[in-house]
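Asks: pasted the sequence and its predicted model underneath.
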Amino acid sequence: MMADILVVQNSRSGGPGRVGDWLAEAGLELDVVLAHEGAPLPARLEHDAMIMLGGGYLPGDDDRAPWLRDARRLMGQALAEGVPLLGICLGGQMLAQVAGGEVTGDTGAPENGSLPLTIRPEAAADPLFHGLPPVVPAIEHHKDAITRLPAGAVHLAETERCPYQAFRMGERAWGVQFHPEVRPARIREWRADGFDPAEVYARAVADEPVSTPVWHRVTGRFAALVTERAGLPADAA
């Protein structure tokens, strides 16, 4: 028996990437729903965990991406029932909004490429972020941002341009603005005004030996939490 994770994909190139590979290595089964292609989301979350990936939308862009309404509903269920939840980029913004925070489009300075992420003191007691180096490179690609965390959120990480890079709601729900799932090669497909693609790619490649082990460890901790809540033995992988 394997624990399973509902993964909501919101764009053609925005798959679970290396995070999906790491979760599979940990013995978890991924149910990837290609929502952007019209695949329906379940009426109820019966999976052992949920991951909401990124995409070029705001959390409430139902006119452009009608499946986001169902994704918000499932995320609300996960929060209410303590189902392990990870929101990445758009997914992190959606978690903030569903929990009562605020997300603003095209705000502040955009971030693109591998940037230094500062781990906050509050992370010392966090199940996923404890014991990480004080500064870790993370891949960014956004111009929208969380502008107010929900009440009760634990603020875990920040960058100079975007303060709300990682947070936790309750005991099992995390939102991140950055992209732990992205390998440097994917950056070469991105275009953003004011950034040199070759320079952004080269920085990500240089940072990978430092960043990859850290996000692999964080993903492994999430996998262990999912396995534990599913009632499976710790060595199920």
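Replies: Nice, I can see it. On a predicted model such as this, the values are computed, not experimentally measured, just so you know.
Asks: and the nearest residue to residue 2 once chain neighbours are set aside, what are its phi and psi?
Replies: Spatial nearest neighbour of residue 2, excluding adjacent residues (CB to CB, 6 or more residues apart in numbering): residue 29 at 4.5 Å. (Glycine included, C-beta is placed from N, CA and C.) According to degrees, to the nearest 10, the main-chain angles of residue 29 amount to phi -100, psi 130.
Asks: show the pLDDT at residue 29.
Replies: If you check residue 29, the pLDDT there is 97.
Asks: what does the one 3 residues further on give?
Replies: We have a pLDDT of 98 for residue 32.
Asks: am I right that residue 27 is in contact with residue 227?
Replies: Yes. Taking CB atoms under 8 Å as the definition, residue 27 is a contact partner of residue 227 at 7.1 Å.
Asks: neighbour count winner among the two?
Replies: Set residue 27 next to residue 227 and count neighbours by other CB atoms under 10 Å: residue 227 wins out with 23 against 16.
Asks: and the pLDDT at that one?
Replies: So, for residue 227, pLDDT stands at 97.
Asks: using the three-state scheme, assign it.
Replies: helix (DSSP: H, G, I helix; E, B strand; the rest coil).
Asks: hmm, residue 49 and it touching each other?
Replies: No. Using CB under 8 Å, residue 227 makes no contact with residue 49, being 9.4 Å away.
Asks: how near is the residue minimising distance to the centre of the chain to residue 215?
Replies: With distances taken as CA atoms, centre = their mean, residue 88 lies nearest the centre of the chain, 2.0 Å away. As judged by CB to CB, to the nearest Å, residue 88 and residue 215 stand 11 Å apart.
Asks: now for the two: what residues contact both?
Replies: 19, 180 (CB atoms under 8 Å, 6 or more residues apart in numbering).
Asks: what segments of the protein are strands?
Replies: 4-9, 29-34, 49-52, 85-88, 102-104, 111-119, 135-142, 145-148, 154-158, 166-169, 173-176 (DSSP state E).
Asks: buried deepest among these, which one?
Replies: strand 85-88 (a mean of 29; mean count of other CB atoms under 10 Å).
Asks: same for that one, what does it pack against?
Replies: Using 3 or more CB pairs under 8 Å, 6 or more residues apart in numbering; DSSP states H and E, the elements in contact with strand 85-88 are strand 49-52, helix 68-81, helix 90-98, strand 173-176.
Asks: select, out of those, the one closest to residue 117.
Replies: strand 173-176 (9.3 Å; CB to CB).
Asks: got the CA positions of the closest one in CSV?
Replies: Written as CSV, here are the backbone C-alpha positions of strand 173-176 (Å, rounded to 0.1, in the frame of the first residue of the first chain):
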residue,chain,number,x,y,z
ALA,A,173,0.0,23.1,5.4
TRP,A,174,2.8,25.0,3.8
GLY,A,175,2.9,27.7,1.1
VAL,A,176,6.1,28.7,-0.7
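Asks: fine, thanks again, bye for now.
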